[in-house]
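structure for the following, please:
(one chain, ligands or ions: 2)
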Amino acid sequence: MSFWPSCCRRTCVGAMIPVRLFSASSQTLLEGLAQWTPSAQASLRPCRLLPQQASPRMLSVGCVDHAKRQETPGKKPLSEKKLKRYFVDHRRVLVRGGNGGSGVSCFHSEPRKEFGGPDGGDGGNGGHVILRADQQVKSLSSVLSQYQGFSGEDGGRKNCFGRSGAMLFVRVPVGTLVKEGSEVVADLSQRGQEYIAALGGAGGKGNRFFLANDNRAPVTCTPGEPGQERVLHLELKTVAHAGMVGFPNAGKSSLLRAISNAKPAVASYPFTTLKPHVGIVHYEGHQQVAVADIPGIIRGAHQDKGLGLSFLRHIERCRFLLFIVDLSLPEPWTQVEDLKYELEKYQEGLSERPHVVVANKIDLPQARAHLPQLQDHVGQVIALSAVTGENLEQLLLHLQVLHRAYVEAELKRGSQPLRW
Ligand SMILES: Nc1nc2c(ncn2[C@@H]2O[C@H](COP(=O)(O)OP(=O)(O)OP(=O)(O)O)[C@@H](O)[C@H]2O)c(=O)[nH]1
Ligand SMILES: [Mg+2]
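Numbering: from 1, shown residues only. Ligands and ions are numbered 1, 2, ... in the order given. Predicted coordinates for the structure are as follows:
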């Protein structure tokens, strides 16, 4: 059974091609390339993989078709304003632990047993409120503004202790930072990690507890303690394998639409994307690479210009980066330099993460002329067009290579690689 989306399976000749493309390892594919094209060494362009009679863009067409068919016919695409409702990366939450149950004061009562003694049981403890990093949750939109833990039950007669309140688990996305004031109190960066946001109150003591040699009939009992109350700030730093970094209008969202099933809004004005979007690229063997489209960065972003710091922090959590440049603009290498400068200013070493430069808009007439100069300045470049789909396969293959390298490095270090 193929896991390729049904829309891709529908694309006639191209239908079989994507499946075959991803069943071959990238290594095999690139080796095979030399047999098809004599100039393969000079420029690796998987769109030339097909024999002469097939359309040179057959592979790409499938991808773009896929992107275009994402909208249900007759339905208007969602605006960015609506889309961003689904992605919430900040939440202020009031958490209260459950209250402890009260202890009771009572005495054993039985016929012909005059001094039965105290038998008031203790109250149960209040339940904690616990934040748990859950792989299924992708944004903080499902987190409410306040949580009240379950209270413990009161104690009872005959030394019956009250039941403790159950734990209240709040599911948050992996990559959630928990702050109290300006202090970071927890970083839930691994799935399953938990943090006790508010402790439940201790249960009160029944009068049996106060029985002593000098006091055989205590009447004292204590009420349960109230649960802890805290105001926490949850902050999500998007965790994805790859982060798309680029200036506004470089075509990041268009590219994410073309390679995944995500639907970020695309428009010809800058700062169309206001919130990060994560799309998943599926490969054979259930391999999934999460790619984040991060809002455009401008010069001075590290000083909070444009959309600024709030988005640089999403990049921080990406394991490798795709620098997206607009090849139709003059001197496109300056875009790469500026982007790297901004990342470096925000956090040292951030620009040195494994990365690849993606030159978008190769379909525009003036773009091709800029490519050799860009390659001279930055080395390896994947030149493609998100709109026509030209050369998208090269990016998909490279993503897989970067992902494999990341998984191997994590396993070598003895840690578990991020699985989406
Ligand atoms: N000709 C051409 N136009 C493109 C290509 N990719 C994107 N565009 C156009 O460029 C404009 C900006 O595209 P977006 O995908 O919104 O760019 P972005 O980088 O996400 O922009 P921000 O969200 O503002 O950061 C849109 O009008 C796209 O249609 C391409 O490969 N070729
Ligand atoms: Mg965008």
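
which residue ranges form the helices in this structure?
Per DSSP state H, the chain has helices spanning 6-9, 12-23, 26-36, 58-68, 80-83, 252-259, 309-316, 333-346, 367-378, 392-413. These are given in chain order.

straight-line length of stretch 278-297, end to end?
With Cα to Cα, to the nearest Å as the measure, the ends of stretch 278-297 fall 17 Å from one another.

is it up against ligand 1 anywhere?
Yes: contact of stretch 278-297 with ligand 1 (Cβ under 6 Å from any ligand atom) involves 295-296. To be clear about C-beta, it is placed using only N, CA and C from the backbone, and glycine gets the same treatment.

in that stretch, what's buried?
Counting neighbours by 16 or more other Cβ atoms under 10 Å, one finds that the buried residues in stretch 278-297 are 278-279, 281-284, 289-297.

repeat for stretch 322-335
Using 16+ other Cβ under 10 Å as the burial criterion, the residues of stretch 322-335 that qualify are 322-329, 332-333, 335.

please apply the same query to stretch 395-414.
Buried residues in stretch 395-414, counting neighbours by 16+ other Cβ under 10 Å, are found at 395-400, 402-403, 406-407.

and stretch 333-349, by the same measure?
Within stretch 333-349, the residues scored as buried using 16+ other Cβ under 10 Å are 333, 335-336, 338-340, 342-343, 346.

what do you get for stretch 366-379?
When burial is assessed from 16+ other Cβ under 10 Å, stretch 366-379 yields the following buried residues: 367, 370-371, 374-375, 378.

tell me the one of those residues nearest ligand 1?
Taking Cβ to the nearest ligand atom as the measure, ligand 1 sits nearest to Ala367 out of these, at 8.2 Å.

I'd say the closest one and Pro330 touch.
No: applying Cβ atoms under 8 Å as the test, Ala367 and Pro330 come out as separate, 10.6 Å apart.

of the buried residues of stretch 333-349, which are in range of ligand 1?
Checking these against ligand 1 (Cβ under 6 Å from any ligand atom), there are no matches.

mind listing what the nearest residue to Ala212 once chain neighbours are set aside touches?
In space, and not counting its chain neighbours, Ala212 is closest to Pro218: 7.4 Å by Cβ to Cβ, 6 or more residues apart in numbering. By Cβ atoms under 8 Å, 6 or more residues apart in numbering, the residues touching Pro218 are 105, 118, 207, 210-212.

which residues of the stretch 201-350 of the chain lie near ligand 1?
With Cβ under 6 Å from any ligand atom as the criterion, the stretch 201-350 of the chain comes near ligand 1 at residues 246, 248-254, 266-268, 270-273, 295-296.

quick check: which ranges of the protein have low pLDDT?
Filtered on pLDDT under 70, the chain yields the residue ranges 1-87, 238, 306-308, 310, 420.

residue farthest from the centroid of this protein?
Ranked by distance from the centre of the chain (Cα atoms, centre = their mean), the top residue is Arg112, with 69.0 Å.

can you map out the strands along this structure?
90-96, 129-134, 146-148, 168-173, 176-180, 183-188, 194-198, 229-236, 242-246, 277-282, 288-293, 320-326, 355-360, 381-383 (DSSP state E).

show me the beta-bridge partners of Ala292.
With DSSP bridges applied, the residues forming beta bridges to Ala292 are Gly243, Val278.

how close does Gly203 get to ligand 1?
When distances are taken as Cβ to the nearest ligand atom, to the nearest Å, Gly203 and ligand 1 turn out to be 54 Å apart.

that residue contacts Gly103, doesn't it?
Yes: contact criterion Cβ under 8 Å: Gly203 and Gly103 qualify, at 7.0 Å.

those two: which is more packed in?
Neighbour totals were compared for Gly203 and Gly103, and Gly203 leads with 31 against 27 (other Cβ atoms under 10 Å).

how about that one: what's its closest non-neighbour residue?
If the residues on either side of it in the chain are set aside, Gly203 comes closest to Gly123, at 3.5 Å by Cβ to Cβ, 6+ apart.

from Ser164, how far off is the one you found?
For Gly123, the distance to Ser164 (Cβ to Cβ, to the nearest Å) stands at 9 Å.

and for the two, which residues touch both?
Going by Cβ under 8 Å, 6+ apart, residues that sit against Gly123 and also against Ser164 are 152, 203.

please say which of these two ends up with more neighbours.
Between Gly123 and Ser164, counted using other Cβ under 10 Å, the more crowded position is Gly123 (33 against 20).

identify the residues contacting that one.
For Gly123, the residues meeting the contact criterion (Cβ under 8 Å, 6+ apart) are 100-104, 152-155, 161-162, 203-206, 223-224.

can you check Arg96 too?
The contact partners of Arg96, taken as Cβ under 8 Å, 6+ apart, are 129, 146-149, 198, 227-229.

and Glu153, by the same measure?
101, 123-124, 162-163.

from the residues you listed, pick out the ones that also neighbour ligand 1.
Checked against ligand 1 using Cβ under 6 Å from any ligand atom, these yield no neighbours at all.

mind telling me the two of these farthest from one another?
Pairwise distances among those were taken by Cβ to Cβ; the largest, 9.6 Å, belongs to Gly123 and Arg163.

could you name every residue contacting both of those two?
Each of 101, 152-153 lies in contact with both Gly123 and Arg163 under the rule Cβ under 8 Å, 6+ apart.

return the member of those residues nearest to Gly175.
Nearest to Gly175 among these is Gly152, at 33.2 Å by Cβ to Cβ.

hmm, that closest one is touching Pro226, no?
No: counting by Cβ under 8 Å, Pro226 is not a contact partner of Gly152; they are 11.3 Å apart.

so what's in contact with the two at the same time?
Overlap between the neighbourhoods of Gly152 and Pro226 consists of 99-100, 126, 201, taking contacts as Cβ under 8 Å, 6+ apart.
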